[in-house]
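> Return atomic coordinates for the entry below.
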Amino acid sequence: MQTIPSPRLELTPISSDDFDLFVESMLTDPRVVEFYHSYKIMTDLEEIRTKAMGDFWAYFEESRKRGYEVWAARIKDNDQFIGWSGLVHSNLSEKYGGPEIQYMLAGDAHGKGYATEMATAIIDYAQNELKLDIVIATVDIPNKGSIRIIEKLGFQFDGQIEAYGSSEMYLYSKTLNP
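Predicted structure coming up:
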């Protein structure tokens, strides 16, 4: 199984078991779904799982067909699943010229630098292994934490767009191999 180098995390291709952990532990956590408005109001786990299969897993699978991957993140010291990050072929990819970096982190792992570490590893992989020219990112305008991460990683602010059913999104891009 291929892994991506990361100081504190083990990043491996996300499996269906990892996806179940994501659904059960993260999509039911209000801290995680704060910016995923439709999940905020859902309480039935099977309903959440069904929705997540279309909202997330289908994109992960389509992205794999295009040579991209989404990686499960576990803390190396204790093997705790804390989230995922990866390159996803989204509806925006064709329009803006590259895959979208996406990530989600468990509520208990917020504020510890893990999201930055995951995203850094994914960007390094995109640049050095996949030899991509550009990666895009979308962030909910109120999501100050993700904005800080994306800007820290050197993404350029491209403007406000409508995406994922919200007009309150920022688009960023990062040129990797000019």
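
> Which helix in the chain has the most residues?
For the chain, the helix with the greatest residue count under DSSP state H is helix 114-128.

> and it, what other elements does it pack with?
strand 9-13, strand 70-75, strand 81-88, strand 100-105, helix 144-152 (3 or more CB pairs under 8 Å, 6 or more residues apart in numbering; DSSP states H and E). (Each C-beta comes from the backbone N, C-alpha and C, glycine too.)

> Tabulate the CA atom coordinates of the last one in PDB.
Provided in PDB are the C-alpha atoms of helix 144-152 (Å, rounded to 0.1, in the frame of the first residue of the first chain):
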ATOM      1  CA  LYS A 144     -11.100  31.100   8.700                       C
ATOM      2  CA  GLY A 145      -9.100  28.100   9.700                       C
ATOM      3  CA  SER A 146      -9.100  26.600   6.100                       C
ATOM      4  CA  ILE A 147      -8.400  30.000   4.600                       C
ATOM      5  CA  ARG A 148      -5.300  30.300   6.800                       C
ATOM      6  CA  ILE A 149      -4.100  26.800   5.800                       C
ATOM      7  CA  ILE A 150      -4.600  27.500   2.100                       C
ATOM      8  CA  GLU A 151      -2.900  30.800   2.300                       C
ATOM      9  CA  LYS A 152       0.000  29.400   4.300                       C
END
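
> per-residue pLDDT, M1?
pLDDT recorded at M1 is 59.

> immediately after the longest helix of the chain, which helix or strand?
Using DSSP states H and E, the helix or strand that follows helix 114-128 in sequence is strand 134-140.

> next one: that following strand to chain centre, how far?
10 Å (CA atoms, centre = their mean, to the nearest Å).

> Give me the contact list for that strand.
Under the criterion CB atoms under 8 Å, 6 or more residues apart in numbering, residues 35, 87, 92-93, 96-102, 123, 126, 146-147, 150, 155, 161, 163-164, 166, 168-176 lie in contact with strand 134-140.

> Would you mark the buried spots in the longest helix of the chain?
Buried residues in helix 114-128, counted by 16 or more other CB atoms under 10 Å: 114-123, 125-127.

> Now it: average pLDDT?
On average, helix 114-128 scores 96.

> cool, and stretch 56-66?
For stretch 56-66, mean pLDDT rounds to 93.

> By mean pLDDT, flag the weakest helix or strand of this protein.
The helix or strand of the chain with the lowest confidence, counting by mean pLDDT, DSSP states H and E, is helix 37-40 at a mean of 84.

> Mind checking the pLDDT average for the helix or strand following that one?
Using DSSP H and E, the helix or strand that follows helix 37-40 towards the C-terminus is helix 45-52. Averaged over helix 45-52, pLDDT sits at 95.

> Please identify the buried residues of helix 45-52?
Residues 48, 51-52 are the ones in helix 45-52 that count as buried (16+ other CB under 10 Å).
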